[in-house]
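In: can you look at this prediction? I've put the sequence above it.
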Amino acid sequence: MQVKMILGLPSSEEMNFSRTVRRLYPRVRIVNLMEFEQETTVQDMPAATPAGPLKLAPQRNPVELTKREEEILQLIAEEYTSQEIAGRLFISMRTVEVHRLNLTQKLSVRNVAGLVKEAVRRGLVK
């Protein structure tokens with residue numbers, strides 16, 4: 001069995017959590033996943049293995065967006081309304097709304113704020 005650590009805990013809390021789990025469940029392997037700007041590090045916690053950090057290639061955009069979705073996402077991030085996007089791209093407002101809905105589904109978010117936040121986190125917008 002493998003436990004993935006919760007991100008955002010201060011490192012001393014992560015270490016205490018790791019030690020407690022290892023003491024109670026010695027067969028469990030604890031893996032801490034930390035994301036740094038353009039690089040992901042996978043690091044085994046104490047007593048799991050002495051291997052040290054393993055560098056992985058960054059995953060910039062595992063979601064497949066169409067050119068039009070990328071364009072609309074950028075305009076949303078620039079605070080354009082659906083009506084303004086429709087006028088700028090010479091498409092209907094309904095088409096913009098469908099693209100917006102598709103983007104929220106592809107990025108697994110619930111609203112425009114989540115859409116922009118996730119797009120920035122993934123490096124999809126400037």
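Out: Perfect, I can see it now. Numbers count the residues shown, from 1 in each chain.
In: can we go C-alpha only for contacts and neighbour counts from here?
Out: Noted.
In: helix, strand or coil: sort out the closest residue in space to Glu69 that isn't next to it in sequence for me.
Out: In space, and not counting its chain neighbours, Glu69 is closest to His99: 6.2 Å by CA to CA, 6 or more residues apart in numbering. Following DSSP: H, G, I helix; E, B strand; the rest coil, we place His99 in the helix state.
In: what about His99, neighbour count?
Out: Using other CA atoms under 10 Å, His99 is surrounded by 18 other residues.
In: hmm, it is touching Lys67, no?
Out: No: contact status for His99 versus Lys67: not in contact, 11.1 Å apart, counting by CA atoms under 8 Å.
In: just the buried residues of stretch 20-28, please?
Out: Neighbour-count burial for stretch 20-28, counted by 16 or more other CA atoms under 10 Å, picks out 21-22.
In: one more: stretch 77-95?
Out: Across stretch 77-95, burial judged by 16+ other CA under 10 Å covers 77, 82, 85-86, 93.
In: what of stretch 99-111?
Out: In stretch 99-111, counting by 16+ other CA under 10 Å, buried: 99-100, 103-104, 107, 109.
In: out of those, flag the one nearest to Asn16.
Out: Val109 (32.4 Å; CA to CA).
In: now for the closest one: which residues touch it?
Out: Val109 makes contact with 115, 118, according to CA atoms under 8 Å, 6 or more residues apart in numbering.
In: for it, grab phi and psi.
Out: As for Val109, its main-chain torsions (degrees, to the nearest 10) stand at phi -130, psi 170.
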